[in-house]
Structure formats: structure tokens, C-alpha cells
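A.B. asks: generate coordinates for the sequence data below:
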Amino acid sequence: MYEIGEYLVKPMEGLCKIEDILHLDVEGIDKNRLYYLLRPMEEKNRTIYVPVDTTDSGIRKAMTEEEAWQLIEKIPGIEEIWVSNEKIREQIYKEKIKSCHPEELVAIIKVTYQRRKKRMDQGKKSTIADDRFFRIAENHLYSELAFALQRDKNEICQLIKDTVDKKI
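C.D. replies: Below is the predicted model of the structure:
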């Protein structure tokens, strides 16, 4: 069980803070069941309720500083996901976003960046799906890394580039 004040990552929502652990007084809901009241860091006016006893919610603790640096070091070795079929590729992107694993977000960012570059070289625009999933993956990943490293989210992309360039 997580505690009030801890930071979690929830699939499709990103970084959230546990504001409270409480029973909901709502008709039709078990009054004895405990819920986390989560506040997304990107949308502080929103609240999300997640049952404490639900194991399939996909939530996990936010990365520590050490874990963030380890992930950044691993980025060059994380493989892109090359799938030719548009529908299958979009489904894989959705599954990887829902998995809430930072390595999966990196894989999406890398492949959509490569696809965008390849299409631009051919005189084509990036696909709407690639652009959308790139933004989602980048936002979730950079928000969590910024939190873990106590940096501004806008600095993260350059920090990753600088760190990876030093390794090459």
C-alpha cells in the first residue's frame, strides 16, 4: 500500500501525487473499500480515485533520481518498435503507453522520431498517430524524469541528448 504524499505514475495520466486515502461516500459503491485520491501533476484541478486493493490499475512508484539516471544511460540500447501495419502499430503504441514503463515510452519516442525523420526525407508529413503518441510518451517520460531529477521538464530533452552524446 502506498502512503499519502507519495508520487505515483498512473497509465494514461502520468505523474500523480497521493493526496489522501479514503472511503468514498457514493451510492452504489462499497463504503468499506479504500481509495487513493490522486492528483495528476499536469492537471492539478483533476482528481482520480483508484481502489487501494486493485492490482491491475497499473500504478507504480515514480522513479528515483538513481533510476532516472540509469534509464537515461540505457536509452541508446533501447530498441525501437518497427511495425509496418498502421493499425497494429497504433495498437502497440497504446499498449506500451498503458504499460506505464519508462523503457516502453523511450521505445515509442525513438521509433516515432525515426519514422518522422524518414517521412520528412521522403517529402511526406508525419502521421497523426505518430505525432499523438510521440507527444503522449514524451510528456509522460519527461514529466517523470523532471520530477526525479528535480529539473524543469523543458530541460529534459537536452539533458538526455547531452548525456547520450557523452557516452558515444
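A.B. asks: buried residues in stretch 108-116?
C.D. replies: 108-112, 115-116 (16 or more other C-beta atoms under 10 Å). For every residue, glycine as well, the C-beta is placed using N, CA and C.
A.B. asks: tell me the centre residue of this protein?
C.D. replies: residue 140 (3.4 Å; C-alpha atoms, centre = their mean).
A.B. asks: surely that residue is in contact with residue 14?
C.D. replies: Yes: counting by C-beta atoms under 8 Å, residue 140 sits close enough to residue 14 to count as a contact (4.6 Å).
A.B. asks: contacts only, for the residue nearest to the centre of the chain.
C.D. replies: Going by C-beta atoms under 8 Å, 6 or more residues apart in numbering, residue 140 touches 9, 14-15, 97, 100, 105.
A.B. asks: keep only those of those that are in helices.
C.D. replies: The helices, defined by DSSP state H, take in 97, 105 from the contacts of residue 140.
A.B. asks: now stretch 11-21: mean pLDDT?
C.D. replies: For stretch 11-21, the mean pLDDT works out to 92.
A.B. asks: and that stretch, how far out from the chain middle?
C.D. replies: Its chain's C-alpha centre and that of stretch 11-21 lie 12 Å apart, by C-alpha atoms, centre = their mean, to the nearest Å.
A.B. asks: tell me the two of the contacts of residue 140 that are most distant?
C.D. replies: 15 and 97 (14.1 Å; C-beta to C-beta).
A.B. asks: using CSV, list the CA coordinates for the biggest helix by length in the chain.
C.D. replies: Ranked by residue count under DSSP H, the longest helix found in the chain is helix 128-149. Extracted as CSV, the C-alpha positions of helix 128-149 are listed here (Å, rounded to 0.1, in the frame of the first residue of the first chain):
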residue,chain,number,x,y,z
ILE,A,128,-1.2,12.0,-36.9
ALA,A,129,-0.9,8.8,-34.8
ASP,A,130,2.9,9.1,-34.6
ASP,A,131,2.6,12.7,-33.6
ARG,A,132,0.0,11.9,-31.0
PHE,A,133,1.8,9.0,-29.4
PHE,A,134,5.1,10.9,-29.6
ARG,A,135,3.6,13.8,-27.6
ILE,A,136,2.0,11.4,-25.0
ALA,A,137,5.1,9.3,-24.5
GLU,A,138,7.4,12.4,-24.3
ASN,A,139,5.1,14.2,-21.9
HIS,A,140,4.8,11.3,-19.5
LEU,A,141,8.5,10.4,-19.7
TYR,A,142,9.9,13.9,-19.4
SER,A,143,7.5,14.8,-16.6
GLU,A,144,8.6,11.8,-14.5
LEU,A,145,12.3,12.4,-15.3
ALA,A,146,12.0,16.1,-14.4
PHE,A,147,10.4,15.1,-11.1
ALA,A,148,13.0,12.5,-10.3
LEU,A,149,16.0,14.7,-11.3
